[in-house]
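Student: Sequence and predicted structure, then a few things I'm wondering about:
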Amino acid sequence: MAAFIVRMGPLVVLWLAVCLSGSRAVDRGNFKTCNQSAFCKRQRALKTGQSPYRALLETLELTNTKLTLQLINDNNKVRLLLELYRLQGNMTRVKINELKPLKPRFEVPDVLINDPPTEPLSLLSQDENGVVLSLGADTQRLIVSAKPFRLDIMEGREVLLSLNSRGLLAFEHLRSRKDTLSDTDGAEKKEETDAANEQAEGEETVKEDEKAEDGMWEETFKSHTDSKPNGPSSISLDVSLPGVEHVYGIPEHADTLKLKTTDGGDPYRLYNLDVFQYELFNPMALYGAIPVMLSHSPQRTMGLFWLNAAETWVDISSNTAGKTVFGQMLDFVQGSSEAPQTDVRWISESGIIDVFIMLGPSPNDVFSQYASLTGTQAFPPLSALAYHQCRWNYNDQEDVAAVDQGFDDHDIPYDFIWLDIEHADGKRYFTWDPHKFPQPRDMLQGLEDKRRKMVAIVDPHIKVDTNYKIHNEIRSRGFYIKNKDGGDYEGWCWPGNSGYPDFTNPEMRAWWASMFAYDQYEGSMENLYTWNDMNEPSVFNGPEVTMHKDALHRNWEHRELHNIYGLYVQMATAEGLVQRSGGAERPFVLTRAFFAGSQRYGAVWTGDNAAEWDHLKISIPMCLSLGLVGVSFCGADVGGFFKTPSTELLVRWYQTGAYQPFFRAHAHLDTPRREPWLFGPDNTALIRDAVRQRYALLPYWYQLFYHAHQTGQPVMRPLWVEYPQDTATFSMDDQFLLGKDLLVHPVTEEGARGVTAYLPGNGEVWFDVHTFQKHNGAQNLYIPVTMSSIPVFQRGGSIIPRKVRVRRSSSCMEHDPYTLYVALNTKRFAEGELYIDDGHTFNFERQKQFIHRRLYFANNSLSSRNLAPGSQFTTLSWIEKVVILGASKPNKATLRMSDGMESLLDFEFNASMSVLTLRKPGVNAGMDWTIVLQ
């Protein structure tokens, strides 16, 4: 979020003058390339070849839980410790650390939800060349080759994955500078002596190397110097994926869903940064970093999780990259024997190598495997899945009331209105501007009376002001991050001079959570929720607009844990919202920065996008990428944050956003107001229709998020997830599935008169949800479109619940009846689910207070049966209507209850469309029932 600043020093005003000048795009000069990042440049200079690392097989130890083995670098004699774990659920963990580091190296805490349970490795064979281990499955083997060190995972005769097959394992050991070597005891003395001996092997060469590699002990970028007191500590590992041409993941990047090769350009960068008005289709770092990559081929899906929170670069190369279609055909005709292969190289500035290999083999297996490590998507309150209205900034309480009333006047539902930084008193978070928002509780109560809610921003930079309670408390408790000299780290952000709380400290997080209590956060109420922005962290006058790497989090430098800072902010905030309700209520927290595991705490959005057609298009692959690595609750600012959208673009963005998980309109302070009714009655009607489509589908959205919370499966997913052998889907990112049953192809081209949607599934059928027209699968379907068109299709074989009555908010729909849309497949079968709970508490989990029904149509009967016999919940909602697509006309329709009672139902049949509508079954949605067609 970019913001307007008052009462700031000239440095920030100058920064803002550059950043807020409307039409400017990102200034690439503010952000490093690999060549400007000393460790990336050093590591990338290493070329593929013979690895200097050798496995010392005589050091092998095998226990019930792991294998350990020492590796030695034959060039410098430094030893590493390899640990191999076979994990439950078809996963392997590989850890590599220094055997005797000068000081401990950072290992990322708080991301894994537990210590992953292991299964025994068994030794199958060993000789002087290596060892062969069984991974449990009959044909799965893990092979450790000794010289050079290499690790292969095989299934039968097929190599699934190889580590260090290209010899790019590199581990910069901790060392003392030559001029500061001092006497120490024991292991440390030996290690320092090793370092000294290594440096003494060629004194003149080393001196020349240090001149050439002057970024090892100190590094300067623009006007900022990184002191690097611990010297070089970077790590690298190459992974080869035979048979693989398609890899995905490692968000966040504004790029295609399928990751591109990085030969001849920069690697993909993972380093959480506040990037102003980011560019598209490049590997630059953005606000979040999830170091998880998925590989997919028709035979298998696998995942790689590189657990490291330092700055990371990922190189990708492929032996099929750059080949034209003609070249690929020529290979086929000539019988080219070169199998496709993708090679990936991970490079991180510090920490250890800790990589989880998820062996699938199906996409859903990988989702389950990753969820077992880092947890699943938080189950949001139902209202959070509805529509959110935001702007930087709604001016005052009167403005909020007027916008709220505007939605009622124009009959457009919404659930949340948002306040940006201007709502606080001088950007002191947890406060309200006394002139603009003098009675916040009255404002919140006015929203509550309409069963609506508010989100207010709480950023993690704290105004340095001795009259500000939050600042005084953090300072007195010693909770601020420190600079390299031991004083409180300070930098410039929205309030001016700011301190940055150390959220890596659990005591700091607990204190922060306590500040959300109703008696601490003055003016707050149950219907006030929270938005964490700027939590990369953003430091306007810092290097790359972020924190200095040599800042200190107690015992650790910021460089070690930069990418996890935003996760900790959201974690503490979410915990605060839970605690304020006595543990009863589910929180809703939106974050801009994120890491692996952030899915456990709320939603993310794609940051400061622009009102441009390409930004609308890129929102699809950006959210698809996040969903593949656990974060289902993703959205983009509808309309674009920067610049002013054309009316056509705004309408198309509402139509797209209505079918993406997080649905929020947002706009920059300098843009004209763009509430949905400001563009003439025709466009208001189009936007109203898109928003109402979202509300009608809320039962389906809620059910999908329940499954995401239970299983880790993404809500919004690429087509290849459900059609893993259909190669036509592997690079597709202009359309997507919601669950497995709705296919959405938004209109994202200016002036479009038609779109071509790919309907997958040989032998399947798809129904247009608006017209009920039936189409066969496995075809490219051209669809003429007008401004009202949102191409959406329901899969034959599915049942989707909707609530079609128009209300002002989702909470007002709580007891409304359901309409079931039954889309029959070619075998005249369909199935679906209905999930209901109270929509906002943890009672679904703690007290099993929910309804979960299986709906299925077979043999001309539609039935509802209980999927959770132990659950306890009642609902006032009932089944109002059943619409069966692809139906035949019955002679009669009979409703049968579980107690044997029967009644005839009224129905209508549209012969031209084969649509049967059953009216008012009138049965409670939580009961067993069957409708028989005769």
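Tutor: That came in fine, so what should we check first?

Student: can I assume residue 655 sits in a strand?
Tutor: No - inclusion of residue 655 in a strand is not indicated when DSSP: H, G, I helix; E, B strand; the rest coil is applied; the result is helix.

Student: Just the helices from the stretch 101-250 of the chain, written as ranges.
Tutor: 186-200, 203-212 (DSSP state H, counting those that start in this stretch).

Student: Which of those helices has the lowest mean pLDDT?
Tutor: Within those, confidence is poorest for helix 203-212, with a mean of 37 (mean pLDDT).

Student: in stretch 813-825, what counts as buried?
Tutor: Burial within stretch 813-825, assessed by neighbour count using 16 or more other CB atoms under 10 Å, is assigned to 813-814, 816-825. Yep, even glycine has a C-beta here, placed from its N, CA and C like the rest.

Student: need the residues you listed in a markdown table with secondary structure, pLDDT and distance to residue 285, can you?
Tutor: A markdown table is the format used below for those (DSSP: H, G, I helix; E, B strand; the rest coil; pLDDT from 0 to 100; distance: CB to CB, whole Å):
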| residue | secondary structure | pLDDT | distance to residue 285 |
| --- | --- | --- | --- |
| 813 | helix | 98 | 41 |
| 814 | coil | 98 | 42 |
| 816 | coil | 98 | 45 |
| 817 | coil | 98 | 48 |
| 818 | strand | 98 | 45 |
| 819 | strand | 98 | 45 |
| 820 | strand | 98 | 46 |
| 821 | strand | 99 | 42 |
| 822 | strand | 99 | 46 |
| 823 | strand | 99 | 42 |
| 824 | coil | 98 | 48 |
| 825 | coil | 98 | 45 |
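
Student: Assign a three-state SS to residue 630, would you?
Tutor: At residue 630 the chain is in coil, as set by three-state DSSP.

Student: now the closest residue in space to it that isn't next to it in sequence: how far from residue 503?
Tutor: On the basis of CB to CB, 6 or more residues apart in numbering, the spatially nearest residue to residue 630 that is not a chain neighbour turns out to be residue 599, at 4.4 Å. Residue 599 is 18 Å from residue 503, where distance means CB to CB, to the nearest Å.

Student: okay, these two: which has more neighbours?
Tutor: Each of residue 599 and residue 503 had its neighbours counted (other CB atoms under 10 Å), and the higher figure belongs to residue 599 (29 against 26).

Student: Is the more buried one in a helix, a strand, or coil?
Tutor: helix.

Student: State the number of residues packed around the nearest residue to residue 778 once chain neighbours are set aside.
Tutor: With CB to CB, 6+ apart as the criterion, residue 778 has its nearest non-adjacent residue at 4.3 Å, and that residue is residue 762. Applying the criterion other CB under 10 Å, we find 10 residues in the vicinity of residue 762.

Student: And residue 273, by the same measure?
Tutor: With neighbours defined by other CB under 10 Å, the count for residue 273 comes to 26.

Student: separation between it and residue 537?
Tutor: Taken as CB to CB, the span from residue 273 to residue 537 is 10 Å.

Student: Next, show the common contact partners of these two.
Tutor: Residues within reach of residue 273 and of residue 537 at once, by CB atoms under 8 Å, 6 or more residues apart in numbering, are residue 546.

Student: In terms of helix, strand or coil, where does the residue nearest to residue 270 when sequence neighbours are not counted fall?
Tutor: The shortest distance from residue 270 to any non-neighbouring residue, by CB to CB, 6+ apart, is to residue 289 (3.8 Å). The three-state label given to residue 289 by three-state DSSP is coil.

Student: Wait, residue 289 touches residue 272, no?
Tutor: Yes - because the distance of 5.5 Å satisfies CB atoms under 8 Å, residue 289 is recorded as touching residue 272.

Student: what about these two, which has more around it?
Tutor: Counting neighbours by other CB under 10 Å for residue 289 and for residue 272 shows that residue 289 has the greater number, 33 against 28.

Student: Right, I'll call it a day here.
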